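# Here you go, sequence then predicted model.
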Amino acid sequence: MKSLFNLSNAQKRIYIDQMISPDSCFANIAYSVIFRNNYDAEVIKKALNSVIGTFDSIRLKVTKADDEPLQYVEEHHDRDFEVFEFPSPDHSEYAGWAGENTRGLFEVHDSELFYFAVVRFKDGGTGLYAKFHHFIHDGFSAYVLVNKIEDYCAAIAAGKTITVTAIPAYADFVRAENEYLVSADFIGHRDYWLEKLSPPPEENTFFMARKKIAGLKTGIRTFKLKPGFSKKIVEHCKNNHITRFVFFLSAVSALFAKISANNDVAIGFPHNGRYGAARRICGMFVSTVAYRARIDEDMAFIEYAGKVSGDVKDIIGGPGRYPFNVLAQDLKKNNHEFKNLLDINLVELPGVKNADVRLNFHVQPEDPSLLTIYLNPNTPEGYDELEIIISYKAEFLSQEEVGLIFERMEHVVEQVIASPAVSIKDISVLPDSEK
């Protein structure tokens with residue numbers, strides 16, 4: 001007998017979007033893991049079966065009862081996994097195979113919403129490819145899962161017995177969310193967002209003259225910062241007590257404020273949505289935050305970044321828990337348009353910070369947003385070397401325009417690293433190549 005329970009609000013948002021776009025892969029989350037210890041394929045298979053048993057969220061299935069979506073956890077059983085061989089993890093043959101798999105669709109109802117394959121490379125390395133429907137997995141889950149798989153692989157390879165510690169069930173999180181939805185915190189968080197976003201900022205003029213594209217097809221471009229510059233950013237953030245994400249959120253919001261000649265800018269970003277014991281488990285917890293940056297041009301950039309840091313800490317401390325799908329309904333009730341809040345998004349991909357593992361996300365080629373800037377720390381050079389991945393509506397922006405956005409962002413970053421006290425009004429947007 002299946003034990004059915006409701007969807008979380010994060011899951012409801014993904015489920016509804018998937019039903020609207022049933023032929024889209026926008027909700028696929030995929031990544032590769034390369035093990036520096038070159039574990040045997042059988043070791044990796046045993047570790048995968050162990051994590052599938054450890055985290056019940058991986059075994060979640062969605063079903064329909066009286067035409068309403070509900071979910072249940074499938075009983076655990078050991079599985080076998082396909083093994084594929086490629087020249088190297090950076091070879092085009094592997095990239096093509098992984099890209100094709102990442103575009104493949106899941107059967108949504110009463111089916112497994114995950115896929116694992118073991119990969120071997122002719123240079124001697126081993127790893128795995130993982131794909132999930134966003135309904136059961138978010139980006140932060142990769143951090144939790146990959147570290148757990150590495151732990152299990154190391155234990156199995158050493159001949160040790162795996163001890164599975166008590167992990168909270170995903171249903172416990174759904175029950176906790178239901179309690180939150182009738183709490184005083186919920187009312188306070190709603191009031192916080194309505195005050196921040198009523199009325200929402202006007203549409204960014206950078207987008208106003210362009211035709212909005214209803215489809216989900218995107219282009220993807222990857223950029224490298226200038227050699228050694230990533231480490232300068234890390235040092236700058238350490239000296240000024242801000243995170244790398246806050247630094248880029250400040251720089252990107254300042255950039256689009258100057259491009260659009262409008263100091264009231266909205267930038268969307270994901271908050272991992274985990275509180276308490278949920279920090280230790282995989283699943284779909286992530287919440288979308290529509291951050292409103294009201295920028296004072298006379299403020300020094302470092303002072304502005306400090307303000308952004310305080311705002312982000314406040315949001316993560318509580319209001320970030322408020323479901324975005326509920327907020328959208330609240331804004332509609334007040335006759336406010338909300339869709340432009342997420343035209344521009346900033347996402348920092350999780351890094352495992354584990355020397356024994358290399359993690360590589362496969363950014364899927366469909367996205368409901370017009371422009372998403374990914375900060376990717378999972379590079380062959382190490383955690384402190386960033387690459388910038390920009391996902392964009394290909395019918396909305398050209399490759400050349402996306403290149404200019406990156407160049408302008410890099411130019412802003414270079415100026416504020418060189419002179420943190422520079423006022424925002426004195427920051428130049430145009431690099432020398434555009435002057």
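The structure has been received and is ready for your questions. Numbering: from 1, shown residues only.
# In this structure residue 369 contacts residue 345, no?
Yes - in terms of C-beta atoms under 8 Å, residue 369 counts as a neighbour of residue 345; the distance is 5.0 Å. C-beta coordinates here come from the backbone N, C-alpha and C atoms, glycine included.
# which residues do these two both contact?
Both residue 369 and residue 345 are in contact with residue 268, where contact means C-beta atoms under 8 Å, 6 or more residues apart in numbering.
# So which of these two has more stuff around it?
residue 345 (25 against 17; other C-beta atoms under 10 Å).
# So which residues make contact with whichever helix or strand that one is part of?
Using DSSP states H and E, residue 345 sits within strand 344-348. When contacts are defined by C-beta under 8 Å, 6+ apart, strand 344-348 is touched by residues 139, 204, 244-245, 248-249, 252, 256, 265-270, 369-375, 377.
# So which of the residues you listed are in strands?
Counted as lying in strands by DSSP state E, out of those, are 265, 266, 267, 268, 269, 270, 371, 372, 373, 374, 375.
# for the residues you listed, which one is nearest residue 128?
Set against residue 128, the nearest of the ones in strands among the contacts of strand 344-348 by C-beta to C-beta is residue 374 (21.6 Å).
# Enumerate every residue touching the closest one.
347, 348, 349, 361, 363, 388, 389, 390, 391 are the contacts of residue 374 under C-beta under 8 Å, 6+ apart.
# Turn those residues into JSON lines, including neighbour count and pLDDT.
Formatted as JSON lines, the contacts of residue 374 follow (neighbours: other C-beta atoms under 10 Å; pLDDT from 0 to 100):
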{"residue": "347", "neighbour count": "20", "pLDDT": "95"}
{"residue": "348", "neighbour count": "20", "pLDDT": "94"}
{"residue": "349", "neighbour count": "21", "pLDDT": "91"}
{"residue": "361", "neighbour count": "19", "pLDDT": "92"}
{"residue": "363", "neighbour count": "21", "pLDDT": "87"}
{"residue": "388", "neighbour count": "19", "pLDDT": "95"}
{"residue": "389", "neighbour count": "17", "pLDDT": "95"}
{"residue": "390", "neighbour count": "22", "pLDDT": "95"}
{"residue": "391", "neighbour count": "23", "pLDDT": "93"}
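# Number of residues surrounding residue 371?
Around residue 371 there are 25 residues (other C-beta under 10 Å).
# partners of it in the sheet?
Under DSSP bridges, the beta-bridge partners of residue 371 are residue 344, residue 392.
# Need the pLDDT of it.
Per-residue confidence (pLDDT) for residue 371: 92.
# now the stretch 1-150 of the chain, which segments are flagged as low pLDDT?
Along the stretch 1-150 of the chain, the parts satisfying pLDDT under 70 run over 1.
# Please apply the same query to the stretch 251-400 of the chain.
If you take pLDDT under 70 as the line, the stretch 251-400 of the chain has these spans: 337-339, 380-384.
# again, only this time at 80
Judged by pLDDT under 80, the stretch 251-400 of the chain has its weakly predicted residues at 275-279, 335-340, 352-354, 365, 368, 378-385.
# quick one: the spatially most central residue of the chain and residue 229, what's the gap?
With distances taken as C-alpha atoms, centre = their mean, the residue of the chain nearest its centroid is residue 139 (4.7 Å). Residue 139 is 24 Å from residue 229, where distance means C-beta to C-beta, to the nearest Å.
# neighbouring contacts of the helix or strand hosting residue 195?
For residue 195, the host element (DSSP H and E) is helix 184-197. Helix 184-197 has contacts (C-beta under 8 Å, 6+ apart) with 180, 290, 292, 318-319, 321-322, 326-327, 330-331, 334, 336, 338, 341.
# average pLDDT for it?
Helix 184-197 shows a mean pLDDT of 95.
# try stretch 406-420
Averaging pLDDT along stretch 406-420 yields 95.
# Would you mind extracting the C-alpha trace of that stretch into PDB?
Provided in PDB are the C-alpha atoms of stretch 406-420 (Å, rounded to 0.1, in the frame of the first residue of the first chain):
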ATOM      1  CA  PHE A 406      30.100  39.200 -20.100                       C
ATOM      2  CA  GLU A 407      32.800  41.700 -21.200                       C
ATOM      3  CA  ARG A 408      30.900  44.500 -19.400                       C
ATOM      4  CA  MET A 409      30.400  42.500 -16.300                       C
ATOM      5  CA  GLU A 410      34.100  41.600 -16.200                       C
ATOM      6  CA  HIS A 411      35.000  45.300 -16.700                       C
ATOM      7  CA  VAL A 412      32.800  46.300 -13.800                       C
ATOM      8  CA  VAL A 413      34.400  43.500 -11.600                       C
ATOM      9  CA  GLU A 414      37.900  44.600 -12.600                       C
ATOM     10  CA  GLN A 415      37.200  48.200 -11.600                       C
ATOM     11  CA  VAL A 416      35.700  47.400  -8.200                       C
ATOM     12  CA  ILE A 417      38.500  45.000  -7.400                       C
ATOM     13  CA  ALA A 418      41.100  47.600  -8.200                       C
ATOM     14  CA  SER A 419      39.300  50.300  -6.300                       C
ATOM     15  CA  PRO A 420      36.600  49.000  -3.800                       C
END
